[in-house]
Structures are given as structure tokens and as C-alpha cells.
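[1] build me a model:
(chains A and B)
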Amino acid sequence: MNAVATNEATGAVVSARGLRKAYRNRLALDDTSFQIEAGRIVGLIGPNGAGKTTALKAILGLIPFKGDLRVLGMDPRTQRDELMREVCFIADVAVLPRWMRVREAIDFVAGIHPRFDRAKCERFIANTQLNPKLRVREMSKGMIVQLHLALVMAIDARLLVLDEPTLGLDILYRKQFYQRLLEDYFDEQKTIIVTTHQVEEIEHILTDVMFIRDGRIVLTSPMDEVAERYTELLTSAATIDQARALKPIDERALPFGKTVMLFDGVPRQQLAELGETRNPGLADLFVAIMKGTYA
Amino acid sequence: MMTLTSIQWTDGAPIYRQLKERVIAMMLDGVLKPGDALPSVRQVAAEYQLNPITVSRAYQELADEALVEKRRGLGMFVTEEAAKKLMHSERERFLQDEWPAVAERIQRLGLSTEELLSKGAAK
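    The predicted model follows:
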């Protein structure tokens, strides 16, 4: 059990090596490796079909796969029951039985999960529009997610996995979702993995980002290193050739003869001589790195 | 014009520094006075949708500069000397970073000292 010891020592919550999963003839995970440390909020970001959900399912032990994967020092394939005491999950397809009342949902989780804190859950519920008698079928999509979140946050788990948790919610619910998570749940002992297409909305919440493309993790980095590594430059016609010589990884023309270029690893001071610089948004970075995905 | 609005040129500074500047601005405006408590890292993280590490980093820098101090179990508080320290450093910063640009603009617009002072006094 060397792997377990190593994991605990480095504080890795998830460590994957040579992770591989094929559906029929298509590779959903293509021999990919990554590591997630404790106390981080990690965004797993990729185009549709890149392998995000497959990666999460592997972490949760919901699918068979090849390669080496340790989650909290355990193998999700063989130690799933044990693992589930420490891991919580909200999926975009999260379904609660439509006949169930809020009270019954709480009773249910209290009955099956040893680490569920009922009083805490009721406190979270009290801060929403939900009431104990409300049935799932009477709830809006936003309210169902509120219920889910209250149930999950009341469980003292070390790893929380969120797969498109705010899909289909309006902006108020989306903001509230992350607000609750940061205020009532997250601390340095917990780790959150989240996938979403609303990259701009969560980029400042993330401590780390992982880009996934065609079943491979193509970028994994703490957010502050992303800010140091990548620079966006606004050039004009006068400096465009000089800027191009520094080999931007992406370039797009703007109105008024300006061009935005994205650089990887070029010192910012050097770029500042050629125009205005700034940190690229995660969305811009994503678009640049994923270029050609659907081509 | 969509491209231009979606770009949102910030000053290119990291978020933690922008947050720190914001707290400093509140001190300068007198919204935060010596002895006042700063909101908890958790509250700020939730309110501004930032990760707590970013917020802690901003607070840590404020503490390193002795503008705030940590009181065990109670949180962060604005120090007594914060106002004095800030006035000094902000004056320096204005003269170094902002004034040259403003002065250049005044010159370009051909504004006289009298014109500037009369407008300034009217306010």
C-alpha cells in the first residue's frame, strides 16, 4: 500500500496516472494523469464530450476504467463504499423523486449517511424559500438545487464533486449557489471539484484550473500561476510584427485596427513595450487552447 | 463592439491586489476607521465570489504593511497607525504614478493654474 502512504504525505486528494476509459471505439479518457491537492477549489473545464463527466464518474467509482486512480488514498473501484463516506456529489442530471417532500429528503439522508448533520441542514433550508412540507414536484429547478445543496453541505465530506451544478439556473440562483458554498461549506480541509461552462462566473472562485480536451488534461495549474504565465497584449499596426515574432499562441483582430494576442511564458515587461497588457480571462484562454476542437 | 466590451481591460493587477486596494480606499475614505473590524475572509469570499486564498492573501499583505492586525479568535482590525501610514504612502503614490499623467493632460489641454484652482475651489 505504498500509494496510500505517498498520497497522504503529499496531501493529494485525487491522483490519477494513465487514466483510460473507452466507450465502444471512442476514448473518453486517453491515458491522462493529474493530481488534486487538499483545500483547493478546482475547475475542470472542457468542451462538450471532452471527458469531464467521465473523469468525475471515475473519481466517484461509478464506472470501470483502466489506469491508476487514488481518491483520498482509496481505489474507487474496490473501496467505493468507504469512499462514499468522504465524498459528496451534485450532478447536472441530479434527480430527486418528485413525490418527495423536503422533510422526507432530510429523513432519507439522515438515515443513510453517518456524517449527515440534520440540524445544520435544517438551518440551511431555513435560509431558502423551501419549507419542510414542499414536494419536489412543486419546486422550480433553482429550488431543487437549493435542496440538493443544503443536503450535501450538511454532510461532513472531504471531497465535493459538482458536475454542472448550476446548469439551467438563472444568474441569481447561480450566484447564491457559490455564495452559500463559500460561506457555509468550504474550508482548507475540504476540496471541491467543479465543472461548468459558465467559466467567467467562477474563475475567481477557483484556486486551480484543469483544461481537458479529447480525454486528456492539457493544462493543470494554480490560478495565480496562470496569471503569471499567460499575458494578453493589445497591439496596433505599428508593433504587430514585433509582437508576432514573440510567437503568440492566439491572435484575433479587433475593430479600429487593434489586435489581441495571447502569449504563453513571454515576460510581461517585454510585452508591455509593444502595447497594453493584461491577464487573460479564463474564457479567452480556454477558447485559445481549445481552438480546432470542433474542426 | 461586442468584442471591446467583453475584453474589459482591468489594470492587469491580480485580484488579491485589487481587493487590497479596495480596502485601502475604504480606509482613505474613512469608511474603515482605526479599530474597525474587517469582514471575515469567508464573508468577503462569498460576497465577491472569490476563493478564500485570494482574500487571505490580500489581508496578509495589509497585515504585513501594519495597516491591519490580527486579533486571535476575533479577526482582522484596522490599526491605529493605518491612517497616518496610508496618507504618506498614498501621497507618494499619487506623485509618482498619477500626477505625471494628470500634469501631462493639463498641459495638453492648455489649462492655466488660475482656471484649475477656480474650478477646484468651486467644489
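
[2] alpha carbons only for contacts and neighbour counts from here, please
    OK.

[3] what's in contact with whichever helix or strand B:Ala83 is part of?
    Secondary-structure assignment from DSSP states H and E places B:Ala83 in helix B:82-93. Under the criterion C-alpha atoms under 8 Å, 6 or more residues apart in numbering or on different chains, residues B:24, B:27-28, B:33-34, B:66-68 lie in contact with helix B:82-93.

[4] the next helix or strand after it close to chain A?
    Moving toward the C-terminus from helix B:82-93, the next helix or strand (DSSP H and E) is helix B:99-109. No: using C-alpha under 8 Å from any C-alpha of the partner chain as the criterion, no contacts between helix B:99-109 and chain A are found, and the smallest distance is 16.0 Å.

[5] may I have helix B:99-109 exported as PDB, CA atoms only?
    Once non-C-alpha atoms are left out, helix B:99-109 reads as follows in PDB (Å, rounded to 0.1, in the frame of the first residue of the first chain):
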ATOM      1  CA  TRP B  99       0.400  63.100 -11.200                       C
ATOM      2  CA  PRO B 100       2.700  62.800 -14.200                       C
ATOM      3  CA  ALA B 101      -0.200  61.700 -16.400                       C
ATOM      4  CA  VAL B 102      -2.600  64.300 -15.000                       C
ATOM      5  CA  ALA B 103       0.100  67.000 -15.400                       C
ATOM      6  CA  GLU B 104       0.600  65.900 -19.000                       C
ATOM      7  CA  ARG B 105      -3.100  66.100 -19.700                       C
ATOM      8  CA  ILE B 106      -3.300  69.600 -18.100                       C
ATOM      9  CA  GLN B 107      -0.500  70.700 -20.300                       C
ATOM     10  CA  ARG B 108      -2.100  69.200 -23.400                       C
ATOM     11  CA  LEU B 109      -5.400  71.000 -22.700                       C
END
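
[6] next, the most centrally placed residue in chain B: secondary structure please.
    The C-alpha lying nearest the average C-alpha coordinate of chain B belongs to B:Glu21 (C-alpha atoms, centre = their mean; 2.9 Å). Using DSSP: H, G, I helix; E, B strand; the rest coil, the three-state assignment for B:Glu21 comes out as helix.

[7] just the one 4 residues further on next, same as before
    Judged by three-state DSSP, the three-state class of B:Ala25 is helix.

[8] and the furthest pair within the contacts of helix B:82-93?
    Pairwise distances among these were taken by C-alpha to C-alpha; the largest, 14.9 Å, belongs to B:Leu28 and B:Ala66.

[9] which pLDDT value belongs to the residue in the stretch 1-150 of chain A positioned nearest to chain B?
    Scanning the stretch 1-150 of chain A for proximity to chain B using C-alpha to the nearest C-alpha identifies A:Ile41 as nearest, at 7.7 Å. The per-residue pLDDT reported for A:Ile41 equals 96.

[10] just the one 10 residues further on next, same as before
    pLDDT for A:Gly51: 92.

[11] so, low pLDDT: which residues of chain B?
    Scanning chain B for pLDDT under 70 picks out the ranges B:1-11, B:121-123.

[12] now do 50
    Low-confidence segments of chain B (pLDDT under 50): B:1-9.

[13] quick check: phi and psi on A:Leu219?
    Geometry field for A:Leu219 lists phi and psi as phi -150, psi 130, criterion degrees, to the nearest 10.
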